[in-house]
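1. Take a look and give me a structure for this.
(chains A and B)
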Amino acid sequence: DAKTTQPPSMDCAEGRAANLPCNHSTISGNEYVYWYRQIHSQGPQYIIHGLKNNETNEMASLIITEDRKSSTLILPHATLRDTAVYYCIVPGGTSYGKLTFGQGTILTVHP
Amino acid sequence: GAVVSQHPSWVICKSGTSVKIECRSLDFQATTMFWYRQFPKQSLMLMATSNEGSKATYEQGVEKDKFLINHASLTLSTLTVTSAHPEDSSFYICSARDPRASVIYEQYFGPGTRLTVT
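-> Below is the predicted model of the structure:
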């Protein structure tokens, strides 16, 4: 798996956009970037994934830089329920199906 | 979306006893399930990959004789913690991949089971 680096914590005001960065400078050409989040005392939840194009779904947007060495997860209108640990994961091709979770970013959304 | 359940959600057991945790995929058949362990204020650590009809594959450092995994059907995998000790107290989480999905790393996680060994 390509190594990912995320800030340990971030704050965001409710209703504002939360922009969560991830560095994955060793990513190879065919590796995807996945984002999951874990709300306290729950199992993780899949958010979004991408290869090189920007992606958007009902939960979030994913912006991947042109060189693919970093990405940003955007929660456009953060709510208190978005408070969670956000994990950026780049699974390797040989780890079929297995996800390796790093420390992630603790996002705290405050009123 | 696909749903994965776990039972029980929490369990307290005495040291030396065994505990079984069930992981079920409710609306899809999962040929592969994964078991994770999470200690307080730490990230998830993959313990093993559970394959229906075959032996589980354990990660390095995980004792296969202590953490018995059985994946006897396409909707059920079980993790049995044998001879549990206080250091086994943790949050155990399973996940499964819906084989109908084209993305192999899009997994659905159970709500977790909190095990406390006294």
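
2. Next one, pLDDT for B:Glu52 please.
-> Model confidence at B:Glu52, given as pLDDT, is 86.

3. show me what contacts it?
-> B:Glu52 makes contact with B:Ala30, B:Thr31, B:Thr32, B:His71, B:Ala72, B:Ser73, B:Leu74, B:Ser77 under the criterion CB atoms under 8 Å, 6 or more residues apart in numbering or on different chains. (Each C-beta comes from the backbone N, C-alpha and C, glycine too.)

4. Same check on A:Thr5?
-> A:Thr5 is in contact with A:Cys22, A:Asn23, A:His24, counting by CB under 8 Å, 6+ apart.

5. circling back to that earlier point, can you flag the buried ones in the contacts of B:Glu52?
-> Burial by neighbour count, judged by 16 or more other CB atoms under 10 Å in any protein chain shown, picks out B:Ala30, B:Thr31, B:Thr32, B:His71, B:Leu74, B:Ser77 from these.

6. quick one: least confident of these?
-> Across the buried ones among the contacts of B:Glu52, the bottom pLDDT score, 85, is held by B:Thr31.

7. so who does it touch?
-> With contact set as CB under 8 Å, 6+ apart, B:Thr31 has these partners: B:Asn51, B:Glu52, B:Leu74, B:Pro99.

8. Tell me which entries of the contacts of B:Glu52 lie within strands.
-> Members of the contacts of B:Glu52 lying in strands (criterion: DSSP state E): B:Thr32, B:His71, B:Ala72, B:Ser73, B:Ser77.

9. okay, those residues in TSV with distance to A:Arg16 next?
-> Listed next are the ones in strands among the contacts of B:Glu52 as TSV, based on distance: CB to CB, whole Å:
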residue	distance to A:Arg16
B:Thr32	39
B:His71	44
B:Ala72	48
B:Ser73	46
B:Ser77	41
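
10. and chain A, which of its residues are near chain B?
-> Applying CB under 8 Å from any CB of the partner chain, we find that chain A lies next to chain B at A:32, A:34, A:38, A:41-46, A:49, A:87, A:89, A:91, A:96-104.

11. where does the chain have low pLDDT?
-> By default, I'm working from chain A. Scanning chain A for pLDDT under 70 picks out A:1-2, A:93-96.

12. Sorry, I should have been clearer: chain B.
-> For chain B, applying pLDDT under 70 flags the ranges B:1.
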